[in-house]
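Undergrad: I would like to see how this sequence folds:
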Amino acid sequence: MSQEMFQKEQTLKMRERLIGRSFRLFFPHDPVKIVRARGQYLYDENGTQYLDCISNVQHVGHCHPVVTQAASAQMELLNANTRFLHDNIVQYADRLAATLPKKLCIFYFVNSGSEANDLALRLARQYTRNEDVIVLDHAYHGHLTSLIDISPYKFRKLEGQKEWVHVAPLPDTYRGPYRRDHPNPGQAYADTVKDLIDEVQRKGRKISSFFVESLPGVGGHIILPPGYFPKVAEYVRAAGGVFVADEIQTGFGRVGSHFWAFQLQGEDFCPDIVTMGKPMGNGHPLACVVTTEEIAGAFTANGVEYFNTFGGNPVSCAIGLAVLDVIEKEDLRGNAVHVGNHLKELLKQLQAKHPIIGDVRGAGLFVGLELVKDRVTLTPATEEAALLIRRLKEKHICLSSDGPWDSVIKFKPPMCFSLEDAERVSVEISHVLREFEDSSNQEQQKQ
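TA: Numbering: from 1, shown residues only. So this is what the prediction gives:
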């Protein structure tokens with residue numbers, strides 16, 4: 001098949017006619033038509049190269065040859081239902097188990113992060129025999145009905161909060177109630193969860209789980225304060241619930257120093273259930289839930305078979321194994337530390353020059369740049385963030401925003417992102433922010 005079947009304008013018209021409008025495009029004012037990619041670079045129909053700072057799904061790089069060759073070889077040999085015995089699924093589970101705490105040892109393979117989180121919700125409820133769920137404000141856990149219900153980012157725009165869902169404050173040490181100058185923000189934010197549990201119990205309700213992204217993404221690329229997870233887990237387990245860590249955005253070494261972002265909360269901390277997805281298939285639909293023998297046993301004991309037609313099929317597992325190979329052989333965790341630290345340092349240098357940059361935060365190649373109109377009031381610079389993204393796209397750099405006010409520029413590039421890429425982005429951001437400042441000064445002079 002040729003790289004391009006239709007002219008860009010025709011493709012856009014056909015999309016508008018045939019594809020649901022809720023599937024929004026990046027850069028809707030002037031969409032980019034991508035026809036091929038390699039590593040951290042995208043190419044449009046004219047051969048123009050774009051630096052990709054947002055495709056965390058293509059974890060080890062777009063179209064990595066080790067991954068594509070593994071997929072092709074296994075597809076030519078066999079792709080069958082997982083109810084047949086096959087080596088790939090058990091080999092892959094064994095490789096994943098080696099990255100996790102020992103008690104997380106039972107795996108369920110599925111096809112998407114949403115499917116994984118839905119299954120985690122079922123596991124938690126089956127094990128605890130409770131219904132209620134605690135989530136963080138602004139959280140997003142997927143697009144299934146069950147997950148919209150536990151995603152404040154979504155349900156506040158729809159039917160609202162269900163009575164079995166309870167929302168705890170986002171532990172944001174930049175603009176939240178307990179900030180970096182607090183003596184122990186981790187404990188303070190954990191105590192807000194304890195207060196919420198007490199309130200739930202006074203109503204005669206019981207907690208099944210605390211469901212949390214190990215590093216909140218949609219909430220604004222938040223780096224959680226030390227000690228928060230262990231203390232919350234203590235409170236939740238004492239109330240009869242389990243701790244679910246959503247690693248769908250942040251797993252597989254993105255934070256660099258650790259394979260899983262929940263490990264940032266301490267080497268001894270272990271969730272009861274972990275979900276994973278997006279990066280594990282490098283663009284192929286592959287996701288997973290891992291839990292303890294006790295929780296898995298309760299799920300089995302209900303007598304209802306769990307069956308997934310495509311989850312853990314030989315091709316998916318071959319791809320998953322190839323991704324693990326690349327992460328290890330190319331030391332992509334080391335690259336995330338080296339490049340991520342350099343990127344943060346460059347952005348902090350920009351912060352010293354440009355007042356609109358309120359905060360720079362991140363771990364590895366999970367980095368947020370928060371824009372504010374005023375560093376005292378922290379008024380979100382939403383319009384400026386949107387304009388910055390638009391201007392960078394014109395400079396052939398793909399970025400996007402997150403956070404409650406879409407004022408956080410997010411960096412989640414493929415893990416092969418380089419020092420030179422970080423420097424290029426930093427330079428171009430500085431140029432655009434200088435344009436903003438010059439324009440503002442001109443407006444003030446007119447007045």
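
Undergrad: mind listing what the residue nearest to Gly281 when sequence neighbours are not counted touches?
TA: Using CB to CB, 6 or more residues apart in numbering and skipping the chain neighbours, the partner closest in space to Gly281 is Ile319 (5.3 Å). Quick note: C-beta positions are derived from backbone N, CA and C, even for glycine. Going by CB atoms under 8 Å, 6 or more residues apart in numbering, Ile319 touches 67, 70-71, 74, 281-282, 284, 286.

Undergrad: Please apply the same query to Ser400.
TA: Contact partners of Ser400, counting by CB under 8 Å, 6+ apart, are 26, 54, 389, 409-410.

Undergrad: Recalculate using a threshold of 10 Å.
TA: 26-27, 53-54, 385-386, 389, 393, 406, 408-412 (CB atoms under 10 Å, 6 or more residues apart in numbering).

Undergrad: Kindly state the beta-bridge partners for it.
TA: Following DSSP bridges, Ser400 is listed with bridge partners Lys410.

Undergrad: per-residue confidence at it?
TA: Ser400 carries a pLDDT score of 96 in this model.

Undergrad: That one and Ser55, how far apart?
TA: Counting by CB to CB, to the nearest Å, the gap from Ser400 to Ser55 is 10 Å.

Undergrad: Need the overlap of contacts for the two.
TA: With CB under 10 Å, 6+ apart as the test, Ser400 and Ser55 both reach Lys412.

Undergrad: Mind checking which of the contacts of Ile319 are in helices?
TA: Using DSSP state H, 67, 70-71, 74 are the members of the contacts of Ile319 that sit in helices.

Undergrad: out of the contacts of Ser400, which one sits closest to Gly176?
TA: Val408 (13.9 Å; CB to CB).

Undergrad: Nearest residue to the residue sitting nearest the centre point of the chain in space, please, no chain neighbours.
TA: The centre of the chain sits closest to Gln249, judged by CA atoms, centre = their mean, with a distance of 2.2 Å. Nearest residue to Gln249, sequence neighbours excluded (CB to CB, 6+ apart): Gly217, at 4.7 Å.

Undergrad: Would you enumerate the residues in contact with the one you found?
TA: Taking CB under 10 Å, 6+ apart, one finds 56, 138-140, 153, 246, 248-250, 366, 368, 402-403, 408, 410, 412 in contact with Gly217.

Undergrad: got it, and Ile89?
TA: 82, 107, 109, 311-314, 316-317, 320.

Undergrad: Just say helix, strand or coil for it.
TA: helix (DSSP: H, G, I helix; E, B strand; the rest coil).

Undergrad: Quick one: end-to-end distance for stretch 411-422.
TA: Start and end residues of stretch 411-422 are separated by 10 Å (CA to CA, to the nearest Å).

Undergrad: Also stretch 288-307?
TA: 13 Å.

Undergrad: circling back to that earlier point, just the contacts of Ser400 now: which is nearest Thr192?
TA: Nearest to Thr192 among these is Val408, at 21.9 Å by CB to CB.

Undergrad: Tell me the pLDDT of the closest one.
TA: Taking Val408 on its own, its pLDDT is 98.

Undergrad: Same check on Glu4?
TA: For Glu4, the model assigns a pLDDT of 64.

Undergrad: Return the residue spatially closest to Gln91, with its sequence-adjacent residues excluded.
TA: Here the residue nearest Gln91, using CB to CB, 6+ apart, is Leu321, at 6.6 Å.

Undergrad: And whatever helix or strand Ala422 lives in, what's buried?
TA: Ala422 belongs to helix 419-446 when assigned by DSSP states H and E. Across helix 419-446, burial judged by 16 or more other CB atoms under 10 Å covers 421-422, 425-426, 428-430, 432-433, 436.

Undergrad: cool, stretch 113-130 as well?
TA: Buried residues in stretch 113-130, counted by 16+ other CB under 10 Å: 113-128, 130.

Undergrad: And stretch 198-208, by the same measure?
TA: Quick answer for stretch 198-208 (16+ other CB under 10 Å): 200, 206-208.

Undergrad: Let me have those residues in a markdown table, extended by distance to His221 and pLDDT.
TA: Formatted as a markdown table, those follow (distance: CB to CB, whole Å; pLDDT from 0 to 100):
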| residue | distance to His221 | pLDDT |
| --- | --- | --- |
| Val200 | 29 | 97 |
| Lys206 | 33 | 98 |
| Ile207 | 27 | 98 |
| Ser208 | 28 | 98 |
